[in-house]
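*Asks:* Starting from these lines, generate the structure:
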Amino acid sequence: MASDNTLDLYRAAVADLLTAVDGNAGPDGVVRVAGTIHEHLAMAAMNDVLSRTPGGPQTVAQTLLREIWNFRPDEHGPMSLLATWMRVYLQSQVDVAWWGHLDPYLTRADLVNSHDLASLAALRRQGALRFRYRRQPRGLPGRALRKAERRVWPHRVPHTAGMRFPYARPEAVAWLNALGVEFRAACGDAAAPPLWVNSMARTIEHQNHLRGLGYLTVLPSAHCVGYAMDLEMTWMRRFNAHTALQRILFEHLATGEVNVIDEGQVWHVCLSPAAVARLRRDTGETPAG
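*Replies:* Presented below is the predicted three-dimensional model:
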């Protein structure tokens, strides 16, 4: 990416585009906004980023128009849901510009057998994590236990399904550990909640599954190459700790070290290539292969 200013201009251009197409859905909506979308994506502020993605502006335009065409407010939810998905999709193209050249993890076997990823469970046993996460329960007994726990202690932990795949790139772990320390210091309260991570590495299969369940997932995704993470935000509001976490994330966003996307309950974070290079130098890690 050319500069931090490029990202600022891109995010502003995304906001302008969303305003221009707001309220349009279905085939009639596509007719009304197709020209507007192509016009905005061709502007320098957007093209500077989208031209670095594998599919380029044309693929992005096709994806947006397909979503608008297929969306039915009476079936799929309020128009705000479509607008939110479009914002997440467009802002995530920064991730794709950074990491879209990498092969994604297609299946569970691809992910768990990857030499690029570390086991979070092993790191947790070693006391090497400065953040918390939960694994997705397995089978009916595990889900029943989790349900009972939420009934007895409804706010003890975030309301999240848990990680399907508790694996992460070492650079992502190092960045989150540093963020966890920074967040704790910013809260300045021993009773403050720990940094909580809902999701890290995912497969294409799981990403499609989540979309089918109604989550704001997109493809391509930096989750599927291991450089993205979702941080719990809604739970933090119970402790009035969300403002500190948001401020820290925006500070990192401003440096160009990460991309940050507000997805509601979670805030999505993707490491930039520059951040990964720095973390590798700091930790002595070298890319696999």
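*Asks:* got the end-to-end distance for stretch 229-244?
*Replies:* End-to-end span of stretch 229-244 (Cα to Cα, to the nearest Å): 18 Å.
*Asks:* Could you give me the buried positions within that stretch?
*Replies:* Going by neighbour count (16 or more other Cβ atoms under 10 Å), the buried part of stretch 229-244 is 229-233, 235-236, 241-242, 244. (C-beta placed from N, C-alpha, C; glycine too.)
*Asks:* among these, which are in helices?
*Replies:* Among those, DSSP state H puts 235-236, 242, 244 in helices.
*Asks:* returning to that earlier point: go through the buried residues of stretch 229-244 and name the one nearest residue 196.
*Replies:* Using Cβ to Cβ, residue 232 comes nearest to residue 196 of the buried residues of stretch 229-244, at 4.0 Å.
*Asks:* list the contacts for the closest one?
*Replies:* Counting by Cβ atoms under 8 Å, 6 or more residues apart in numbering, residue 232 touches 158, 160, 196-198, 265-266.
*Asks:* make it 10 Å
*Replies:* With contacts defined as Cβ atoms under 10 Å, 6 or more residues apart in numbering, the neighbours of residue 232 are 131-133, 157-160, 193-199, 242, 245, 265-267.
*Asks:* Narrow those residues to just the buried residues.
*Replies:* 131, 133, 157-158, 160, 193-199, 242, 245, 265-267.
*Asks:* Among those residues, which lie within helices?
*Replies:* 242, 245.
*Asks:* can you put the buried residues of stretch 229-244 in TSV and add pLDDT?
*Replies:* Below are the buried residues of stretch 229-244 laid out as TSV (pLDDT from 0 to 100):
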residue	pLDDT
229	99
230	98
231	98
232	98
233	97
235	96
236	96
241	96
242	97
244	97
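*Asks:* Between those residues, which sits nearest residue 63?
*Replies:* Among the buried residues of stretch 229-244, and counting by Cβ to Cβ, the member closest to residue 63 is residue 230, at 21.2 Å.
*Asks:* What count of nearby residues applies to residue 64?
*Replies:* 23 (other Cβ atoms under 10 Å).
*Asks:* List the residues that contact it.
*Replies:* By Cβ under 10 Å, 6+ apart, the neighbours of residue 64 are 17, 21, 30, 33-34, 37-38, 40-41, 85-86, 89-90.
*Asks:* between those, which has the most around it?
*Replies:* Of the contacts of residue 64, with other Cβ under 10 Å as the count, residue 90 tops at 26 neighbours.
*Asks:* Please confirm that that one is located within a helix.
*Replies:* Yes: counting by DSSP: H, G, I helix; E, B strand; the rest coil, residue 90 is part of a helix.
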